[in-house]
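Peer 1: predicted structure and sequence below. I'll ask about it afterward.
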Number of protein chains: 4
Amino acid sequence: MQDASLGRLQQRLAEFAAARDWQPFHVPKNLAAALSVEAAELLEIFQWLTPEQAAAVMDDPGSAHRVRDEVADVLAYLLQFCAAVGVDPLAALAAKIERNELRFPVPGGDTGPGHRTEH
Amino acid sequence: MQDASLGRLQQRLAEFAAARDWQPFHVPKNLAAALSVEAAELLEIFQWLTPEQAAAVMDDPGSAHRVRDEVADVLAYLLQFCAAVGVDPLAALAAKIERNELRFPVPGGDTGPGHRTEH
Amino acid sequence: MQDASLGRLQQRLAEFAAARDWQPFHVPKNLAAALSVEAAELLEIFQWLTPEQAAAVMDDPGSAHRVRDEVADVLAYLLQFCAAVGVDPLAALAAKIERNELRFPVPGGDTGPGHRTEH
Amino acid sequence: MQDASLGRLQQRLAEFAAARDWQPFHVPKNLAAALSVEAAELLEIFQWLTPEQAAAVMDDPGSAHRVRDEVADVLAYLLQFCAAVGVDPLAALAAKIERNELRFPVPGGDTGPGHRTEH
């Protein structure tokens, strides 16, 4: 069975690019552009759909495959971008969530024990 | 210490949105739009840079912070999008890498043992 | 009164960039990236809105100003991109409309001469 | 000969959409998404090119056609978006250029009246 952890996938993407001599193209600016293009391709699936149709997009096998394919492309370029600039995406997101918890306090969040203990 | 695995971050994002009653906004079409917008904000950092300047973007603390911040936003919306449509991003990427290995064969890849055994 | 024809605006943008020594940055790849970033900023205004809220976006003076501002940025980079690559945007669109009329025939369009003369 | 002024093209796009019953899809949020997607498709042409290759993109007939085609799509959705929200894109850009002339004064621009009369 393939190990599909984020780090392992990042390594496989690096090997994939190296085997095809694609590293010269995989500079930060190009990878940021490619990430943006792939995110737009994911959005393209939804652009003419009503919110209701969009919510049912995975019911159609063709659309579902296209969604998974574009998600993979976005994640692939995000991981390759992160490798190129030396950013740990998980640490970046964890830090951002902590900043956002200060920036967007929970309305009435002090009144109950609920979620506050988890964050 | 915070657990910063992808699954744990996805759970924290869900709790964060739920605590602020943001779930009604977090439908697939909106999340795909937001993902695309954040990817463009990452690209914006690089748009006027030469390839050389872009390669040195992490040398400046301000730019480095901005890059990490936008990487976090892209990953946050990607994970929330995946949760909304029920896609496992790691499985999607693993499957895509396997398809790409068939689609883009390594030039001269049969002649040596090198990387072929790794993929 | 300012002449605000497309050609005159394109000329003013060129003068504006030249007066600030921005031409070295205004190469096709950078301008295409900037155009994409500005289009995403326009989309950002709408990303969390319902279709109904989005349709009323011009009722709020602040949102209306932001929409006009982003429209201006998109058009500015489109015109500067076109100048950089030597494309006439009006001719390109006229040609595309003609191709699309062949590609997407009007349903029931054969039954009468009606719309054919209009396009 | 076709009249290819901006206003006439906007009218032809409206007739084109009306003849195909596409108006229900052409709401501001969808058009902003489509504009963003088309701008990304234009960027896609350049994403792996060096600045030098990008500057020569129109030398290849296939690439040149693709560039003109994506420029047309961007302009088409920009015009349709503007029609949907009631924004005059030329007036919006003229106003923005005037704001930018105040925001980004010409370096050394105080020493003579020169360029101020031109803008």
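Peer 2: That came through, no problem.

Peer 1: residue ranges in chain A under the pLDDT threshold?
Peer 2: Chain A contains residues with pLDDT under 70 at A:1-4, A:109-119.

Peer 1: report the contact partners of the residue nearest the centre of it.
Peer 2: In chain A, the centroid-proximal residue (Cα atoms, centre = their mean) is A:Leu75; its distance is 4.6 Å. Residues counted as contacts of A:Leu75 (Cβ atoms under 8 Å, 6 or more residues apart in numbering or on different chains) are A:Leu9, B:Leu78, B:Pro89, B:Leu90, B:Ala92, B:Leu93. Where you see a C-beta, it was placed from the backbone N, CA and C, and this is true even at glycine.

Peer 1: test my guess that the first one contacts B:Ala94.
Peer 2: Yes. A:Leu9 is within contact range of B:Ala94, at 6.5 Å (criterion: Cβ atoms under 8 Å).

Peer 1: ok, the contacts of A:Leu75 vs chain C, which is closest?
Peer 2: B:Leu78 (14.7 Å; Cβ to the nearest Cβ).

Peer 1: for the closest one, pull up the helix or strand it's in.
Peer 2: helix B:61-85 (DSSP states H and E).

Peer 1: in that helix, what counts as buried?
Peer 2: B:63, B:66-85 (16 or more other Cβ atoms under 10 Å in any protein chain shown).

Peer 1: how far away from the center of its chain is that helix?
Peer 2: Offset of helix B:61-85 from its chain centre (Cα atoms, centre = their mean, to the nearest Å): 7 Å.

Peer 1: could you point out which element follows it?
Peer 2: From helix B:61-85, the next helix or strand downstream (DSSP H and E) is helix B:89-103.

Peer 1: A:Leu102: neighbour count?
Peer 2: 7 (other Cβ atoms under 10 Å in any protein chain shown).

Peer 1: is stretch A:37-45 positioned near chain B?
Peer 2: Yes. Judged by Cβ under 8 Å from any Cβ of the partner chain, stretch A:37-45 comes into contact with chain B at A:Glu38, A:Ala39, A:Ala40, A:Leu42, A:Leu43, A:Ile45.

Peer 1: not counting sequence-adjacent ones, nearest residue to the last one?
Peer 2: Leaving out its chain neighbours, the residue that sits closest to A:Ile45 by Cβ to Cβ, 6 or more residues apart in numbering or on different chains is A:Arg66, at 5.7 Å.

Peer 1: hmm, that neighbour is touching A:Leu43, no?
Peer 2: No. Checked against Cβ under 8 Å, the pair A:Arg66 and A:Leu43 is beyond contact range at 11.9 Å.

Peer 1: distance from the host helix or strand of A:Leu13 to the middle of the chain?
Peer 2: Per DSSP H and E, A:Leu13 falls inside helix A:6-19. Helix A:6-19 sits 16 Å away from the centroid of its parent chain (Cα atoms, centre = their mean).

Peer 1: buried ones in it?
Peer 2: In helix A:6-19, the ones that count as buried by 16+ other Cβ under 10 Å are A:Leu6, A:Leu9, A:Gln10, A:Arg12, A:Leu13, A:Ala14, A:Phe16, A:Ala17, A:Ala19.

Peer 1: what's the farthest-apart pair in those?
Peer 2: A:Leu6 and A:Ala19 (20.6 Å; Cβ to Cβ).

Peer 1: quick one on the thing from earlier: nearest to C:Leu49, of the buried residues of helix A:6-19?
Peer 2: Closest to C:Leu49, out of all of the buried residues of helix A:6-19 and judged by Cβ to Cβ, is A:Leu6, at 32.8 Å.

Peer 1: now for that closest one: which residues touch it?
Peer 2: A:Leu79, A:Pro89, A:Leu90, B:Leu6, B:Leu90.

Peer 1: which of those lies closest to chain D?
Peer 2: A:Leu79 (16.7 Å).

Peer 1: and the gap between the residue lying closest to that closest one once chain neighbours are set aside and A:Asn30?
Peer 2: Leaving aside its chain neighbours, A:Leu79 sits nearest to A:Gln10 (4.5 Å; criterion: Cβ to Cβ, 6+ apart). As judged by Cβ to Cβ, to the nearest Å, A:Gln10 and A:Asn30 stand 17 Å apart.

Peer 1: skip the chain neighbours and tell me the closest residue to A:Leu42.
Peer 2: A:Glu70 is the one closest to A:Leu42 (Cβ to Cβ, 6+ apart), at 3.9 Å.

Peer 1: got it, and A:Phe104?
Peer 2: B:Arg20 (6.2 Å).

Peer 1: near chain C, which residues of chain A show up?
Peer 2: A:Ala33, A:Ser36, A:Ala40, A:Thr50, A:Pro51.

Peer 1: does the first one fall in a helix, a strand, or a coil region?
Peer 2: If I follow you right, that is A:Ala33. What DSSP: H, G, I helix; E, B strand; the rest coil gives for A:Ala33 is helix.

Peer 1: contacting residues around it?
Peer 2: B:Leu43, B:Phe46, C:Ala33, D:Leu43, D:Phe46, D:Gln47.

Peer 1: apply 7 Å and report the result again.
Peer 2: B:Leu43, C:Ala33, D:Leu43, D:Gln47 (Cβ atoms under 7 Å, 6 or more residues apart in numbering or on different chains).

Peer 1: buried ones from those, can you make that a PyMOL selection?
Peer 2: Listed next is the PyMOL selection for buried residues among these, using 16+ other Cβ under 10 Å:
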select buried, (chain B and resi 43) or (chain C and resi 33) or (chain D and resi 43+47)
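
Peer 1: any chance of the contacts of A:Ala33 in JSON lines, with distance to D:Asn100 too?
Peer 2: JSON lines is the format used below for the contacts of A:Ala33 (distance: Cβ to Cβ, whole Å):
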{"residue": "B:Leu43", "distance to D:Asn100": "21"}
{"residue": "C:Ala33", "distance to D:Asn100": "19"}
{"residue": "D:Leu43", "distance to D:Asn100": "23"}
{"residue": "D:Gln47", "distance to D:Asn100": "28"}
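
Peer 1: mind picking the two most distant members of the contacts of A:Ala33?
Peer 2: B:Leu43 and D:Gln47 (10.0 Å).

Peer 1: could you check which residue of chain A lies nearest chain D?
Peer 2: A:Ala40 (3.3 Å).

Peer 1: distance between the helix or strand harbouring that residue and the chain's centre?
Peer 2: In the assignment (DSSP H and E), A:Ala40 maps to helix A:28-46. Here helix A:28-46 is found 11 Å from its chain centre; the criterion is Cα atoms, centre = their mean.

Peer 1: burial check on A:Gly86, number of neighbours?
Peer 2: 10.

Peer 1: my guess is it contacts B:Met58, does it?
Peer 2: Yes. Using Cβ atoms under 7 Å, A:Gly86 is in contact with B:Met58, at 6.1 Å.
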